[in-house]
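**Student:** Got a sequence here, can you model it:
(4 chains)
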Protein chains: 2
Amino acid sequence: MARSPKREKLLEATKELLWEVGFEAMSPRDIQERSAARPGSLYHHFSSKLALAGEAMREIAEQDVARINAFFAEEGPPLEIVQRYLELKRDSVRGCRFGRLVNEASIQHDELRGPVNAFFNAIRENLTLKLKQAKEEGALPATVSPEALAVSLLALIQGGAVLARAYQDETLYEQATQGALALLREAADKAHEQAS
Amino acid sequence: MARSPKREKLLEATKELLWEVGFEAMSPRDIQERSAARPGSLYHHFSSKLALAGEAMREIAEQDVARINAFFAEEGPPLEIVQRYLELKRDSVRGCRFGRLVNEASIQHDELRGPVNAFFNAIRENLTLKLKQAKEEGALPATVSPEALAVSLLALIQGGAVLARAYQDETLYEQATQGALALLREAADKAHEQAS
DNA sequence: GTCTATAGGGGGATAGAC
DNA sequence: GTCTATCCCCCTATAGAC
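**Tutor:** Have a look, this model is predicted:
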């Protein structure tokens, strides 16, 4: 692979801007200024702003999915891992860089939708697996559907980020997860009582 | 107040476009075409695109808050009203027109932030009140914080809308609420057992 | 592979006639 | 109150020298 300093700088700048302002609000000029690269470099390495953003999102998703898989591969009781995942520190006031894109028109393009869906799928699948294991161990009531609850928890994280941004206050995110964790603990308690 | 057909048409068109594409992606030209009004009309009635959008959001928020308050004022067991609120049909694939704005740069302007916060506050406050009542009746465990759980449920709704849009599939929203409702029922059961 | 210069089009808004 | 005509600026991209 030919090393191209400007190509890397362009990707770095694009990753930052996609998080800060999203795709539509990020102009090629913004990218060029932040990466100290000129139009010639941008359009030499990428065919369009969309292609550049697509590659940037692809790289971010690949990294994040790997980290998520690693987190859920840790040792420990399944339900505890789920709880720890919800309690992970997140920069919630900045919002989720994947979630923020779903409201842009450009999400219809495969280049952006692909990475976003890969990210959501990774979380959903890992959560579903752990919740299934928890249920088999009797750590969750029989009435609970692991698939549905996984979607609930993913929605909780996404919605928590929306509220933290709306109020510009991290504690909204924390309240959202704490409220859910309290319910989860009650359900787990009840399951254990019934098992014994 | 002088009746101005064009003023009303402009507001109607703006309300639609704010939902469909958001604030940044909506150009004055788009508004003009949809409302069959010309620049002269727009800038006669409103000082800027932001002022027009602000008035549109203010009217929507006012309406929605009234409907929310009416819904939560209905008769019935508090927890049941909360459950019914979560099960309300929503056009989730279109997303939440308030939630979608929090990722736009323009949310920093009071004209837009005000209505968005008014909407979120109304839901939060109504949910908190009903959950407090439910807890007092012994329909929720003592470990559950009504304030935190209200934020969780609001986050769930917002996140459910994000996922439904991401996957272009209403059932994601429904899974999110069903998973949460199952947990809520388990917690309610446990509270009732302990009370008896 | 990176640069400078430039193009076509649309964004947000204003002026002034009617 | 509504219209037409027009302005300036930035958005995205291309051409072609180095």
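
**Student:** Establish whether the least confident helix or strand in chain A by mean pLDDT and chain B are in contact.
**Tutor:** Scoring the helices and strands of chain A by mean pLDDT, DSSP states H and E places helix A:170-195 at the bottom, with a mean of 95. Yes: in terms of C-beta under 8 Å from any C-beta of the partner chain, part of helix A:170-195 sits within range of chain B, namely A:172, A:175-180, A:182-187, A:189-190. (C-beta placed from N, C-alpha, C; glycine too.)

**Student:** cool, and stretch A:122-136?
**Tutor:** No: legend: contact between stretch A:122-136 and chain B by C-beta under 8 Å from any C-beta is lacking; minimum distance shown is 8.9 Å.

**Student:** so how far is that stretch off the chain centroid?
**Tutor:** The chain centre lies 17 Å from the centre of stretch A:122-136; the measure is C-alpha atoms, centre = their mean, to the nearest Å.

**Student:** Now do the buried residues in it.
**Tutor:** A:122-124, A:126-128, A:130-135 (16 or more other C-beta atoms under 10 Å in any protein chain shown).

**Student:** Can you show me the CA trace of stretch A:137-145 as CSV?
**Tutor:** Only the C-alpha atoms of stretch A:137-145 are listed here, as CSV (Å, rounded to 0.1, in the frame of the first residue of the first chain):
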residue,chain,number,x,y,z
GLU,A,137,-28.9,-19.7,33.8
GLY,A,138,-32.2,-18.5,35.3
ALA,A,139,-30.9,-15.0,35.8
LEU,A,140,-33.8,-13.6,33.8
PRO,A,141,-37.5,-14.4,34.0
ALA,A,142,-39.1,-16.7,31.4
THR,A,143,-41.3,-13.9,30.2
VAL,A,144,-38.4,-11.8,28.9
SER,A,145,-37.4,-12.1,25.3
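
**Student:** Show me what it is in contact with.
**Tutor:** A:77-79, A:131, A:134-135, A:146, A:149, A:187-188, A:190-192, A:194-195, B:178-179, B:182-183, B:185-186 (C-beta atoms under 8 Å, 6 or more residues apart in numbering or on different chains).

**Student:** Check stretch A:67-78 too.
**Tutor:** The contact list for stretch A:67-78 (C-beta under 8 Å, 6+ apart) reads A:81, A:84-85, A:88, A:122-123, A:126, A:129-131, A:133-134, A:137, A:139.

**Student:** need the residues of chain A near DNA strand C, please.
**Tutor:** Along chain A, the residues adjacent to DNA strand C under the rule C-beta under 7 Å from any atom of the strand are A:2, A:4-7, A:36-41, A:44-45.
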